[in-house]
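Participant: just need the structure, nothing else, for what follows:
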Amino acid sequence: MHIYLVGGAVRDTLLGRPVVDHDHVVVGARPEELLALGYKPVGKDFPVFLHPETGEEYALARTERKSGRGYRGFVVQADATVTLEQDLARRDLTINAIAQDEHGLLTDPYHGVRDIGARVLRHVSPAFVEDPVRVLRVARFAARFAPLGFTVAAETMALMQQMVRDGEVDHLVSERVWSETRKALGEPQPSAFLRVLREAGALRVLFPEIDALYGVPQRAEFHPEIDTGVHLEMVLDAAAKLAPGDDLVGFCALVHDLGKALTPVDELPRHVGHEHRGVAPLRALAARLKVPTEHAALAELACREHLNAHRAFELKPATVLKLLNALDALRRPARLDAFLATCEADKRGRLRHEHDAYPQAAYLREARAAAAAVDAADFVAQGLTGPAIGAAMTAARVAAINVLKTNQSPS
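Facilitator: As a prediction, the model looks like this:
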């Protein structure tokens, strides 16, 4: 029995990045042997075990053979006869197909070390085409490693395009699409996720509402980048900087402008009412991908209300309170923070505006604090009861925001 460290741990060590997970492959062993050593079985489709002390994953070396459509259509062989090279051959990218033994020696039959040096995302073998999830994974790795200069190899992109033409991507289940998308939205450069999917032809299949934004013009005085798809890419990257690793903010940024694809042609490049037009496609996308309820709910609010955040200094105090209540911000200030990060990303996601200040965020946080400071106990002490308390609190909150507005400068 031989044990090797594999996958991301080896790759990230070679890149000088922090290692989060340690995955191992076990060669020349049977499940009974690991069970006898105290390993705990967790794999359903193939033998995976948890180390009795570290809790790290140890998987028996295995091969996979295509047996049907989609990512579920595989026959797995996992036994003591499978070699390390055979196990590495089933992996998606060469940079993920490197193994390291207990002495630190590398096994690199598919030249992953070379591709790390060349900053290339390249498939291991022609078997890459057998699993459509890999199209999403390559796009996600692009979102992670684009800041380091990684690009997708031309031959790998050609395979991905072929997979789309062959209809393999059509068989992806919503849970897998969302899982990979959610991870990509938490990466440092999510725009690369969209670009890779679009070049592969998969964006129009998996995210037609987003693909439709490309080529839609905006007013140059507000959007020097003009193209709405380019704007979306810039917003995603701005969101990743403002809220690193936060896929909730990332999703809100992803879908905040879907209504611009529905603007009547004769109204372009203006997009009056796009914040309301965007709700229907957002709901359709969220339902199709089975997006978590909180993601879908806050994203819809960001879609509808981001323009109100931009003009926060122009809003009447009662309208500011209405916005805060819609966000449930008085009870859940973190929700306001996620909303404001999305709005600030939208403001900065424009050519030559990447470093613009966004004083609206501080103003709305202060407005929330002023409104939240109003205490129902004060009105109970005055003898008010029932609906009268709520009305008095609303009036007091509007008054508190008005005081703030009077003293506030948008400079």
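Participant: residue 49 and residue 33 touch, don't they?
Facilitator: No: Residue 49 lies out of contact with residue 33 (CB atoms under 8 Å); the separation is 10.3 Å. (Each C-beta comes from the backbone N, C-alpha and C, glycine too.)
Participant: quick one: which of those two has more around it?
Facilitator: Using other CB atoms under 10 Å, the more surrounded residue of residue 49 and residue 33 is residue 49, with 23 against 14.
Participant: check contacts around that one.
Facilitator: 31, 34, 35, 39, 40, 41, 42, 43, 57, 58, 59 (CB atoms under 8 Å, 6 or more residues apart in numbering).
Participant: okay, now the second one: neighbour count?
Facilitator: Same thing as residue 34. Residue 34, neighbours per other CB under 10 Å, totals 22.
Participant: check contacts around it.
Facilitator: 26, 41, 47, 49, 58, 60.
Participant: please apply the same query to the last one.
Facilitator: Contacts of residue 59 were listed using CB under 8 Å, 6+ apart, and they are 23, 24, 25, 26, 43, 46, 47, 48, 49, 78.
Participant: just the buried ones out of those, please.
Facilitator: Among those, those classed as buried by 16 or more other CB atoms under 10 Å are 23, 24, 25, 26, 43, 47, 48, 49, 78.
Participant: distance of the fifth one relative to residue 163?
Facilitator: Meaning residue 43. Taking CB to CB, to the nearest Å as the measure, residue 43 falls 26 Å from residue 163.
Participant: same deal with the third one?
Facilitator: As for residue 25, its distance to residue 163 is 26 Å (criterion: CB to CB).
Participant: do the same with residue 194
Facilitator: Between residue 194 and residue 163 the computed distance is 18 Å (CB to CB).
Participant: more neighbours, the two?
Facilitator: A count of neighbours by other CB under 10 Å puts residue 194 above the other of residue 194 and residue 163, at 24 against 21.
Participant: hmm, residue 236 and the more buried one touching each other?
Facilitator: Yes: proximity of residue 194 to residue 236 meets the contact threshold set by CB under 8 Å, at 7.2 Å.
Participant: who does whichever strand or helix holds residue 5 touch, helix- and strand-wise?
Facilitator: Using DSSP states H and E, residue 5 falls within strand 2-6. Applying 3 or more CB pairs under 8 Å, 6 or more residues apart in numbering; DSSP states H and E, one finds that strand 2-6 contacts strand 23-27, helix 84-89, strand 99-100.
Participant: what average pLDDT does the longest one get?
Facilitator: Okay, so that is helix 84-89. For helix 84-89, the mean per-residue pLDDT is 92.
Participant: now do the buried residues in it.
Facilitator: Residues of helix 84-89 classed as buried: 84, 86, 87, 88, 89 (neighbour count, 16+ other CB under 10 Å).
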